[in-house]
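Asks: sequence and predicted model, in that order:
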Amino acid sequence: MNWIERIKSDPDKTLATLYNEIQDEATKWIKIEFGLQSDDADEIFQTSIVLLYDNVVTGKLTELTAHIKTYLFSIIKNKIIHLNRSRSKMSSLDATEILQGVIDEEYEEISSEDLNKANTALMKLGEPCKSLLELSYYQQMKLDEITILLGYKNNDTTKNLKYKCMKRLQKIFFE
């Protein structure tokens with residue numbers, strides 16, 4: 001069975017079939033092999049299906065040299081490795097430390113010009129980053145409060161987004 005051609009010709013039906021055939025086995029494997037919770041396992045599996053589809057549509061995957069399940073499981077493994085790396089980075093670098101480091105390194109004294117520049121950068125940042133950072137730094141809300149208020153899945157998701165938002169804010173600020 002040529003999965004790539006099936007995905008190209010009828011993606012909805014093919015991906016639904018693939019999802020139903022592999023989902024239970026894949027999520028069990030993720031939970032046992034990597035010790036993740038059911039929600040994380042489901043999210044990683046769903047993301048991996050989307051990445052498989054993207055790889056076919058963009059031409060990154062044109063031929064399978066192994067079974068589709070093997071290819072999908074390798075995507076899953078790479079997603080988990082990426083997730084673990086980002087979690088370890090997040091635990092070692094809190095966004096407050098990053099912001100403080102930027103201020104300490106670049107500016108000895110914060111002038112009103114710098115504050116205006118920071119505010120402008122925050123406005124350019126857009127949503128949801130603007131709200132997330134305002135709640136965190138201006139209103140000094142706790143991570144779990146922000147998670148509930150903004151409707152994110154869990155604190156890890158919020159923390160990861162907060163980190164990415166801070167990186168984007170820094171990039172805009174220093175442009």
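Replies: Looks like it came in fine.
Asks: just give me the neighbour total for the closest residue to L143 other than its chain neighbours.
Replies: Once flanking residues are discounted, L143 sits nearest to N155: 5.1 Å by Cβ to Cβ, 6 or more residues apart in numbering. Bear in mind the C-beta positions are built from the backbone N, C-alpha and C, glycine included. The number of residues packed near N155 is 15, by other Cβ atoms under 10 Å.
Asks: got it, and L83?
Replies: Neighbours of L83 (other Cβ under 10 Å): 18.
Asks: likewise for L150?
Replies: L150: 14 neighbours (other Cβ under 10 Å).
Asks: and L64, what are its phi and psi?
Replies: Main-chain dihedrals, L64, degrees, to the nearest 10: phi -100, psi 130.
Asks: thought it was touching I4?
Replies: Yes - counting by Cβ atoms under 8 Å, I4 is a contact partner of L64 at 6.5 Å.
Asks: pick out whichever of the two has more residues nearby.
Replies: The residue with more neighbours, out of L64 and I4, is I4; 17 against 13, by other Cβ under 10 Å.
Asks: residue ranges of each domain in the chain, please.
Replies: For the chain, the structural domains run 3-92, 95-173, going by automatic domain parsing.
Asks: worst mean pLDDT among those domains?
Replies: Comparing mean pLDDT over those, the weakest stretch is domain 95-173, at a mean of 74.
Asks: helices along the protein, start to end?
Replies: 3-9, 11-34, 38-57, 68-92, 95-106, 112-125, 129-133, 143-150, 155-173 (DSSP state H).
Asks: can you list contacts of the shortest one?
Replies: With contact meaning Cβ atoms under 8 Å, 6 or more residues apart in numbering, helix 129-133 is reached by 122-123, 125, 146, 150, 158, 161-162, 164-166, 168-169.
Asks: from those, which is closest to Y71?
Replies: Minimum distance to Y71 across the contacts of helix 129-133 is 27.8 Å, recorded for K164 (Cβ to Cβ).
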